[in-house]
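Q: Build me a structure from this.
(one chain, ligands or ions: 1)
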Amino acid sequence: MEQLAIFGGTPVRDTKISYGRQCIEQDDIDAVVATLKSSALTCGPKINELEKALCDVTGAKYAVAVSNGTAALHIAAMAAGIKEGDEVIVSPITFAASANCVLYCGGTPVFADIDPETYNISPSSIRKCITEKTKAIVAVDFTGQAVELDEIREICKEHNLLLIEDAAHSIGTKYNGKPIGSIADMTTFSFHPVKTVTAGEGGAVMTNDEGLYRRLLRLRSHGITRNQDEMVHATDDPWYNEQVELGYNYRMTDFQAALLISQLKKLPAFSARRKEIVTMYEKGFADVPEIQIQREIPESDTTRHLYVLRLHLEMLTCTRREFFDALAAENIQSQVHYLPVYRHSHYENLGYPKGLCPNAEKYYEESMSLPLYYLLKDEDIADVIKAVKKVIAYYRK
Ligand SMILES: *Cc1c(COP(=O)(O)O)cnc(C)c1O
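A: Next comes the predicted model:
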């Protein structure tokens, strides 16, 4: 058996591969520079152009570009009317922001367990969490795979709930042929550099509802409006604007918008390459019984943001930490997504107990995300597969 690099053997490769990385090309740079030379650095024409491009890509009626994905979730939760005393059902396997947006509004996140095979929030556990206080669901398309939107929307209809889809992972994914962004009451995106397309920092909320759209626009900029029909003290003074509620400065700059417009043109290519890489991993791991392949629901045509390596640890002599370290020594840097949100000490202090979502906790113990991004070459993927198999062979029972 080959000696692992962590014990002095030769690593599978001599340069490190990280789990994610952006692709910025000369045309992206040119787009940013051109905007920097223009008269508007913020609140300018690139924001409208970006919002139109996001509507074109997703098929949604309205887009509100904001400073990051967390801001998008925050104003979506505000527009949903979440306030103290309200409960919002959230997936535990996600970045904390998916639940924090409920806390920002004074609401209570209620964690529904995941499906043990797709890792997305399970509709049957959503049903068990519904009470008379439930107002909304934040459903996360984890790894890029769409949640079971038909069934979740049905639940929303039955119980009069709003659906916020956290699509930070899933731009480019389709559900039953429809692009993510046009299906839920509000869909939020993140354009952080690790996501499929980037603005440096950036986010957006998509909706088909004009009322929600107007509210989101206002919340993005301090709660201030220039529309007379939204004012209490409407006047036709040309300078007049009125703050009608408490909002924030969550605006995106025009040069970030310019970068994202350029990136969105490449979404089809980014998406196709990510699909190819996932196929290579799945082929590579098909004959490895220690690996559980993520189940895809047939409705989701997935642009995968994360490739999860889930181990049957009971078939190995190592811990997840030992596996992670051994892989890193082979120069394959993985990452773990995510600690169940309620296991963060902040949530623990709010009273959420360990054991709340057993499927999520088991998932967390056994998983890590392998490198997945547009710039990876076939040889890089072959190295990752080789390294994973090498570590498994070493620790096989
Ligand atoms: C990245 C991410 C966010 C937050 O987006 P930011 O742009 O970093 O604020 C929210 N939810 C999920 C699932 C994410 O992956």
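Q: for the stretch 251-397 of the chain, what spans make up the helices?
A: For the stretch 251-397 of the chain, applying DSSP state H, counting those that start in this stretch gives helices covering 254-264, 267-285, 320-329, 345-349, 358-366, 378-395.
Q: Please read the previous query as pertaining to the stretch 1-150 of the chain.
A: According to DSSP H, counting those that start in this stretch, the helices that the stretch 1-150 of the chain contains are 26-36, 45-58, 69-79, 97-104, 123-129, 149-159.
Q: still on that earlier bit, just so I know, which of the helices of the stretch 251-397 of the chain lies nearest the ligand?
A: Comparing the helices of the stretch 251-397 of the chain against the ligand with CB to the nearest ligand atom, the closest turns out to be helix 254-264 (11.5 Å). Every residue, glycine included, has its C-beta placed from N, CA and C.
Q: What angle do helix 267-285 and that closest one make with each other?
A: Put simply, helix 254-264 runs at 60 degrees to helix 267-285, going by axes from the mean of the first three to the mean of the last three CA atoms, to 10 degrees.
Q: How far away from the center of its chain is helix 254-264?
A: Centroid separation for helix 254-264 versus its chain: 19 Å, with CA atoms, centre = their mean, to the nearest Å.
Q: what does that helix contact?
A: 24, 27-28, 31-32, 34-36, 38, 40-47, 49-50, 53-54, 57, 65, 191, 197-202 (CB atoms under 8 Å, 6 or more residues apart in numbering).
Q: residues touching the residue of the stretch 1-150 of the chain found nearest the ligand, list them.
A: Nearest residue of the stretch 1-150 of the chain to the ligand (CB to the nearest ligand atom) works out as residue 69 at 2.5 Å. Residues counted as contacts of residue 69 (CB under 8 Å, 6+ apart) are 97, 166, 168, 188, 189, 190, 191, 192, 195, 202, 203.
Q: Skipping its backbone neighbours, what lies nearest it in space?
A: residue 190 (2.6 Å; CB to CB, 6 or more residues apart in numbering).
Q: what does residue 242 give?
A: Distance criterion CB to CB, 6+ apart; nearest residue to residue 242, sequence neighbours excluded, is residue 231 at 4.6 Å.
Q: Tell me how many other residues surround the residue lying closest to residue 155 once chain neighbours are set aside.
A: With sequence-adjacent residues excluded and distances taken as CB to CB, 6+ apart, residue 155 is closest to residue 126, at 5.8 Å. By other CB atoms under 10 Å, the residues close to residue 126 number 26.
Q: For the residue lying closest to residue 77 once chain neighbours are set aside, give its distance to residue 365.
A: Using CB to CB, 6+ apart and skipping the chain neighbours, the partner closest in space to residue 77 is residue 101 (4.3 Å). Distance of residue 101 to residue 365, computed by CB to CB, to the nearest Å: 27 Å.
Q: Show me which of those two is the more surrounded one.
A: Ranked by neighbour count (other CB under 10 Å), residue 101 and residue 365 place residue 101 first, with 29 against 13.
Q: Hmm, the residue nearest to residue 242 is touching residue 243, no?
A: No: look at residue 231 against residue 243 with CB atoms under 8 Å: they stay out of range, at 9.8 Å.
Q: From the structure, what's the count of residues near residue 316?
A: For residue 316, using other CB under 10 Å, the count is 18.
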